[in-house]
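Trainee: Here you go, sequence then predicted model.
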Amino acid sequence: MAQNFGAGKRERICQGVRASLIQTETFNVLMCAGIILLRHPIVELFMSNPTKEIYHYSDAYLTIVAPFYVILGLLAVYRTTIQSMQNGWAPFAACMIELVMRISATVGLVGMLGYTSVCIASPMAWFGACALLIPCYYRMMKAWKKDK
């Protein structure tokens, strides 16, 4: 993306984002299915002899977080594209949004949702960051079109 930005090739950036999204999201959907189907073997990679309680908590976490990897894929593509277009402020602000949303979810929602608040903290953070970055990307592309 950075090379195309430097060369002034706006259409190539759009093509690169599109291709990146297709590849990333295809892999994320497959990974989500794999994580959900193979939850217990995944836990066994990290722990020997997991207990029923460990399976209970890991099942909840993996089942809640895995479907949101699609949002994480959007975040990765748009964040790196915006950085490649010499905008460091939006990705930095997105990181701050992620931090605040993770803290808010775990501290603010734990009384109502318990452990589930820990599970939804990352997906909430990813949504928040995407809510900033995706419109930012399209505004940058629109402004660039007007300038050229």
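Mentor: Thanks, I have it.

Trainee: ok, so what distance separates the residue nearest the centre of the chain from Glu25?
Mentor: Note on the chain: the residue nearest the mean C-alpha position is Leu72, at 1.6 Å, using CA atoms, centre = their mean. Leu72 is 10 Å from Glu25, where distance means CB to CB, to the nearest Å. Heads up, the C-betas are built off the backbone N, CA and C, glycines and all.

Trainee: same deal with Pro41?
Mentor: Applying CB to CB to Pro41 and Glu25 gives a distance of 24 Å.

Trainee: the more surrounded of these two?
Mentor: Shown here are Pro41 and Glu25; by other CB atoms under 10 Å, Glu25 has more neighbours (16 against 8).

Trainee: now that one, nearest residue through space, not along the chain?
Mentor: Gly73 (5.1 Å; CB to CB, 6 or more residues apart in numbering).

Trainee: Buried residues of stretch 121-139, list them for me.
Mentor: 121-130, 132-133, 136-137 (16 or more other CB atoms under 10 Å).

Trainee: go on, stretch 41-51?
Mentor: Neighbour-count burial for stretch 41-51 flags Val43 (criterion: 16+ other CB under 10 Å).

Trainee: That one spans what distance, first to last residue?
Mentor: By CA to CA, to the nearest Å, the extent of stretch 41-51 from end to end equals 13 Å.

Trainee: Average pLDDT for that stretch, rounded please.
Mentor: Summarised as a single mean, pLDDT over stretch 41-51 is 94.

Trainee: quick one: it to chain centroid distance?
Mentor: Its chain's C-alpha centre and that of stretch 41-51 lie 25 Å apart, by CA atoms, centre = their mean, to the nearest Å.

Trainee: for stretch 104-113, same thing?
Mentor: Computed by CA atoms, centre = their mean, the separation of stretch 104-113 from the middle of its chain amounts to 21 Å.

Trainee: Okay then, goodbye and thanks.
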